[in-house]
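*Asks:* Make a model of this:
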Amino acid sequence: MSDVYIIGSGYHPFGRFDKSYQQIGSEAAAAALADAGVEWRDVQAAYMARMYLPATSGARILRCLGATDISVIDIEAACASGGAALLQGMMAIRAGEADLVLVAGTEKMPRGFMDPSMIYSPWQIELGMSMNPAYWSMRAMRHMHEYGTTHEQIAMVAHKNHLNSVHNPMAMYQKEFSMEQILNSPLVCDPIRLLEICAPNDGAAAVVLASERKVHELGASAIRIAAAAHTISRYSSDFRCPAETMSATMDNLGPTEVTAARAFEAAGFDASEIDCFEVQDTDAFCEIEIYEELGLCPVGEGGRLVEEGHTSIGGATPVNMSGGLISKGEPVGASHLGQVVELVAQLRGTCGPRQVEGAKTALGHVLGAGGNCAITILQK
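*Replies:* Purely as a prediction, here's the structure:
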């Protein structure tokens, strides 16, 4: 199988914009093509990640660049949509069906909490526990009870990510907040506060994938995709809501552990050999939990990891150098590809004040509804 490489990446800032989703998505796609130094007419297939947009939105977005008679496929896998789309693009190249593929993600999100009817049946919603912050809160409270994780440690994640966002022009919020401001911000769902949570918003991100043969033909600067994994685990926190069925055992690993094992096996190395990370931080506690599930520290020690500065830029395992979803916001379809664009920039060494010095390997992680999880590992 051919190795698959990223030869171009592009972004539309995350935030709220008086633009159509077609404009937002096509701008990111055009930026990725320009970065790769290739023309839209040379692309042989395209995959568009989205969740809240209309049917055939990928074709509607990419027609803005011109109609080329290629296959354009919409991909939806909750917050892991971008990872699933990236995997499909890789598979097309490895199968020999294409040498040059565009993978993009676009979203224009409604304001407020995500609509539970996108995921649950009416009877589940009526019984409660279908709004995201409720189960984020329960997981945080349980971790605090079992391992002594503190409010301050959770706030430290938000403090770190907001600090990183100051240097990211693509983030929705580019402002530093003090620990006092974070801990005194309005309570959303105990213990999670307003400045520790992400906002749904608009945005787009895109990458151009190429086969090894195409990279040599173009003489392109390339970042290798060491692994791309997408799974739906047997057990996920979505079962907080009454479910039709559930596995008989609760010993099954969760989405991140399942997907990480597959990604690390494909890459041939583990978390100890990754130089920087972009991970799901829909709330600040979630990032702490992901530290443990990826193997950055033993279970129960995620709070200590952030408190001791290991996950800050300059620490041993920098996480969410971009400011994370807490600062960027979360346009669901663009979420993971936004991480990938950041990690490509890190491996190219072009991130300025938020640069991780000497980064040669990087990991992006997203986790969403239904146990959908995606992990992409990149190598310079």
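*Asks:* all strands for the protein, in order.
*Replies:* 4-15, 45-49, 71-75, 100-108, 187-189, 192-193, 202-211, 223-232, 276-278, 361-367, 372-379 (DSSP state E).
*Asks:* Which residue ranges of the protein form helices?
*Replies:* Secondary structure of the chain (DSSP state H): helices located at 21-36, 57-62, 81-94, 122-126, 132-147, 151-165, 179-183, 212-218, 255-267, 284-294, 302-307, 324-328, 335-348.
*Asks:* still on that earlier bit, which among the strands of the chain is found nearest to residue 63?
*Replies:* Residue 63 lies closest to strand 71-75 among the strands of the chain, at 8.6 Å (CB to CB). To be clear about C-beta, it is placed using only N, CA and C from the backbone, and glycine gets the same treatment.
*Asks:* what packs against that closest one?
*Replies:* In terms of contacts (3 or more CB pairs under 8 Å, 6 or more residues apart in numbering; DSSP states H and E), strand 71-75 is packed against strand 45-49, helix 57-62, helix 81-94.
*Asks:* Reformat these as CSV; add mean neighbour count, mean pLDDT and distance to residue 151.
*Replies:* Formatted as CSV, these follow (neighbours: other CB atoms under 10 Å; pLDDT from 0 to 100; distance: least, CB to CB, whole Å):
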stretch, mean neighbour count, mean pLDDT, distance to residue 151
strand 45-49, 27, 98, 35
helix 57-62, 23, 96, 40
helix 81-94, 26, 97, 31
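*Asks:* how close does the residue nearest the centre of the chain sit to residue 320?
*Replies:* Residue closest to the average C-alpha location in the chain (CA atoms, centre = their mean): residue 336, at 2.9 Å. Counting by CB to CB, to the nearest Å, the separation of residue 336 from residue 320 is 13 Å.
*Asks:* Also residue 177?
*Replies:* 15 Å.
*Asks:* Between the two, which is the more surrounded one?
*Replies:* residue 320 (29 against 20; other CB atoms under 10 Å).
*Asks:* That one touches residue 162, doesn't it?
*Replies:* No: Residue 320 is not in contact with residue 162 according to CB atoms under 8 Å; the separation is 10.3 Å.
*Asks:* between the two, what contacts are shared?
*Replies:* Shared contacts of residue 320 and residue 162, defined by CB atoms under 8 Å, 6 or more residues apart in numbering, comprise residue 326.
*Asks:* picking up where we left off before, dump the strands of the chain to CSV, plus distance to residue 65.
*Replies:* Shown next, in CSV, are these (distance: least, CB to CB, whole Å):
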stretch, distance to residue 65
strand 4-15, 12
strand 45-49, 10
strand 71-75, 11
strand 100-108, 9
strand 187-189, 40
strand 192-193, 40
strand 202-211, 11
strand 223-232, 23
strand 276-278, 27
strand 361-367, 25
strand 372-379, 24
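*Asks:* Around residue 127, count how many other residues there are.
*Replies:* Neighbours of residue 127 (other CB under 10 Å): 12.
*Asks:* An error on my part: the question was meant for residue 380.
*Replies:* 16.
*Asks:* Give me the average confidence score over stretch 162-182.
*Replies:* Stretch 162-182 shows a mean pLDDT of 97.
*Asks:* same question, stretch 336-355
*Replies:* pLDDT averaged over stretch 336-355 gives 97.
*Asks:* for that stretch, the distance to its chain's centre please.
*Replies:* Offset of stretch 336-355 from its chain centre (CA atoms, centre = their mean, to the nearest Å): 13 Å.
*Asks:* what does stretch 360-372 give?
*Replies:* From the chain centre to the centre of stretch 360-372 is a distance of 6 Å (CA atoms, centre = their mean).
*Asks:* and what of stretch 276-291?
*Replies:* Taking the mean of its C-alpha atoms, stretch 276-291 sits 10 Å from the chain's own mean (CA atoms, centre = their mean).
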